[in-house]
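In: got a predicted structure here, sequence first:
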Amino acid sequence: MRRTLAATVAVLAILVAAGAAKAQDTVYDRAVAARLAGDPSLAVSLLEPWLAAHPDDADPMVQYGYALLALGEYESAEQVFDRTLAIAPDYTDARDGMALVSARSANPASRRRSLILAEGALSDLEDGQQDWHELGLVASMAAGERSTINLRGNWYERFGIRDSEIAALVTHRAGQDLWVRIGGSFAPKADFRPEFGATAGLDYRFAAHSIATLDVSWQQFPVQTIWTLRPGFTQYFGGDRYAVTAQASAAEASGRDLLVGASLRGDYFAADRTRIFAGIASGPETDLGIVRNTTSLFLGGEVALSRDVSLFSSAAHDWNGIGSDRSEGRIGVKILL
């Protein structure tokens, strides 16, 4: 009886150890694949829960350090490599990581890459209304190890009237799982775009594959002031190759009735900078400085043309509660610098 019990315990111990090793291999392999595919953020999100439960596991720790290094978080990467060497003093990859931290910290050109987005859009309105046109240019650049600055310029034509708008948005990683952003916009001599605007928001990763978002904006249009609130939630699954985003929206204009709505979007990430998405939205829309209920169907995608260039496009159709329905086509190019 004792021999049988001892054998059973031994078998269970082996199975538990094998299961733990398999889980580690799964997380480790996925994280390595994500980092090598150019998605260090995914590698970080995969490795952090594992390391929280296994703080002395040197191999995942080194991969975590290299993922942080790719994100430009040199101080955090250095701390991870240093901790790895405290566990395994002869770990060559950790020593190489420390050398890379020193080299990249001293060379601003090796920091996170900047990018430029250029796009154009054409909208066909029903009921014989004149087409809408739009051109946009966005420049994104790193500001330190944890912040990014986006500068945007747009030119709009609506019903033969033209407006230009400039905007800036700063995103800062305030914690391991928290990102905050703040921005503003200005449209000189605006006719239908907001003369001034301000926005603030945050993203909070409360689980390995789950992110909560919140955005609030204030826009001063020529005819009225509009406040908008958008809470949302994104869930990744299927090895983070798929994502579903649900978002609510509420808009109020100069003390008038509050309009509410919601949207649902799905994404499939086929590869780095290659994805497709589709969704539906119904609720308040403020593009012309008035709050009106609009229902939209949209789809689009992005495909990598080379290591540094990708093409993206989208199509949408809007059914408006006020004004003409419209169909929009949008196309653009993203260039990594």
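Out: Thanks, I have the structure now.
In: helices or strands up against the longest strand seen in the chain?
Out: If you go by DSSP state E, the chain has its longest strand at strand 161-175. Contact partners of strand 161-175 among helices and strands, from 3 or more CB pairs under 8 Å, 6 or more residues apart in numbering; DSSP states H and E: strand 147-158, strand 178-186. (Glycine included, C-beta is placed from N, CA and C.)
In: can you list the strands that the last one pairs with?
Out: Sheet neighbours of strand 178-186, with direction, are listed as strand 161-175 (antiparallel), strand 196-207 (antiparallel) (DSSP bridges).
In: JSON lines for those strands, including mean neighbour count and distance to Phe221?
Out: Formatted as JSON lines, these follow (neighbours: other CB atoms under 10 Å; distance: least, CB to CB, whole Å):
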{"stretch": "strand 161-175", "mean neighbour count": "15", "distance to Phe221": "11"}
{"stretch": "strand 196-207", "mean neighbour count": "16", "distance to Phe221": "9"}
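In: most centrally placed residue in this protein?
Out: The centroid of the chain falls nearest to Asp203 when counting by CA atoms, centre = their mean (9.2 Å).
In: in space, what's closest to Gln129 - neighbours in sequence excluded?
Out: Excluding the flanking residues, the one nearest Gln129 by CB to CB, 6 or more residues apart in numbering is Ser324, at 4.9 Å.
In: you'd agree the one you found is in a helix?
Out: No - assessed with DSSP: H, G, I helix; E, B strand; the rest coil, Ser324 is coil; it does not lie in a helix.
In: so for stretch 217-234, first residue to last residue, what's the gap.
Out: Stretch 217-234 has an end-to-end distance of 20 Å (CA to CA, to the nearest Å).
In: show the average pLDDT along that stretch.
Out: For stretch 217-234, the mean per-residue pLDDT is 94.
In: related to what we said a few turns ago, I figured the residue nearest to the centre of the chain hits Asp215, correct?
Out: No - under the criterion of CB atoms under 8 Å, Asp203 makes no contact with Asp215, lying 9.5 Å away.
In: look up how far Phe192 lies from the residue nearest to Gln129.
Out: Separation of Ser324 from Phe192 (CB to CB, to the nearest Å): 15 Å.
In: who's more crowded, these two?
Out: Neighbours per residue (other CB atoms under 10 Å) separate Ser324 from Phe192, with Phe192 holding more: 18 against 14.
In: what about Pro89, helix or strand, and which?
Out: Take DSSP states H and E as the rule and Pro89 turns out to sit in neither a helix nor a strand.
In: likewise for Leu122?
Out: Assigned by DSSP H and E, Leu122 belongs to strand 115-125.
In: got it, and Leu311?
Out: Here Leu311 is assigned to strand 309-320, by DSSP H and E.
In: quick one: buried residues of that strand?
Out: Neighbour-count burial for strand 309-320 flags Ser310, Phe312, Ser314, Ala316, Asp318, Asn320 (criterion: 16 or more other CB atoms under 10 Å).
In: parallel or antiparallel, list what pairs with the helix or strand that comes right after that strand.
Out: Using DSSP H and E, the next helix or strand after strand 309-320 towards the C-terminus is strand 326-336. Strand 326-336 sits in its sheet next to strand 115-125 (antiparallel), strand 309-320 (antiparallel), going by DSSP bridges.
In: perfect, I'm done here.
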